[in-house]
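Student: Give the three-dimensional model of this entry:
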Amino acid sequence: MIYGRDREQARLGELLGTVTRGRGAALVVHGEAGIGKSALLAHLADRAGGVARVLRVTGTEAEVDLPFAALHALLHPLRDRVGSLPGPQAGALRAAFGLAAAPEGRDRFLTGLAVLTLLADAAEDRPVVCLADDAQWLDRASAEALLFAARRLQAERVAVVFGVRDGDRPFPAAGLPELALHGLDDPQSGAVLAEHGG
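Tutor: Residues are numbered from 1 along each chain as shown. The predicted model follows:
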């Protein structure tokens with residue numbers, strides 16, 4: 001049970017409803033460490049599981065310098081669809097995933113476009129919900145590709161939700177809707193302590 005987050009859960013429910021009705025959506029959930037971002041993303045994953053395909057990744061500081069590490073982890077379940085993309089886009093994703101040599105002067109636009117096309121293709125079967133927790137620790141190449149796709153969602157039945165810890169590493173999410181998390185009030189905090197503290 002999540003205490004004191006009715007408004008936030010309602011916002012995530014609206015986002016899921018938007019996607020199941022055939023429109024794309026993106027959201028950046030942010031707040032200080034331990035404020036409940038991961039719990040809200042887990043709640044959304046549970047709620048979405050019955051109506052959408054859920055793809056998840058958690059950024060890790062250890063892989064922040066490995067280009068496309070997070071993108072590979074997130075999109076691995078869709079790897080069998082890469083071959084159906086337009087040739088240049090398929091080539092860009094194969095290179096990003098280490099399945100082909102990267103072309104000289106790697107095209108970041110083409111990689112982002114390939115991510116958008118791949119997600120849209122998967123969403124033809126059923127809506128897709130992508131969750132990137134601890135997004136401040138995504139490697140830059142993965143973050144750029146996911147943000148590119150998130151900013152261009154329209155009728156793709158795809159949602160991209162980022163969980164970002166404030167105050168660590170800047171996350172370039174300008175232009176995306178945000179949901180800021182704040183501390184619980186006294187009654188809500190008391191309910192949490194009563195449940196977990198005996």
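
Student: pLDDT weak spots in this structure?
Tutor: By pLDDT under 70, the weakly predicted segments of the chain are 1-4, 101-106, 183-198.

Student: Swap in 80 and give it another go.
Tutor: 1-4, 100-107, 168, 183-198 (pLDDT under 80).

Student: quick one: the helices in it?
Tutor: 6-20, 37-48, 69-75, 87-96, 108-122, 140-150, 186-197 (DSSP state H).

Student: and these as TSV, adding distance to E156?
Tutor: The C-beta positions use only the backbone N, C-alpha and C, and glycine is treated the same way. Shown next, in TSV, are the helices of the chain (distance: least, CB to CB, whole Å):
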stretch	distance to E156
helix 6-20	9
helix 37-48	15
helix 69-75	15
helix 87-96	15
helix 108-122	4
helix 140-150	9
helix 186-197	36
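
Student: could I get the ones you listed as TSV with distance to A26 and mean neighbour count?
Tutor: Shown next, in TSV, are the helices of the chain (distance: least, CB to CB, whole Å; neighbours: other CB atoms under 10 Å):
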stretch	distance to A26	mean neighbour count
helix 6-20	9	16
helix 37-48	13	19
helix 69-75	14	23
helix 87-96	20	20
helix 108-122	11	21
helix 140-150	4	23
helix 186-197	28	11
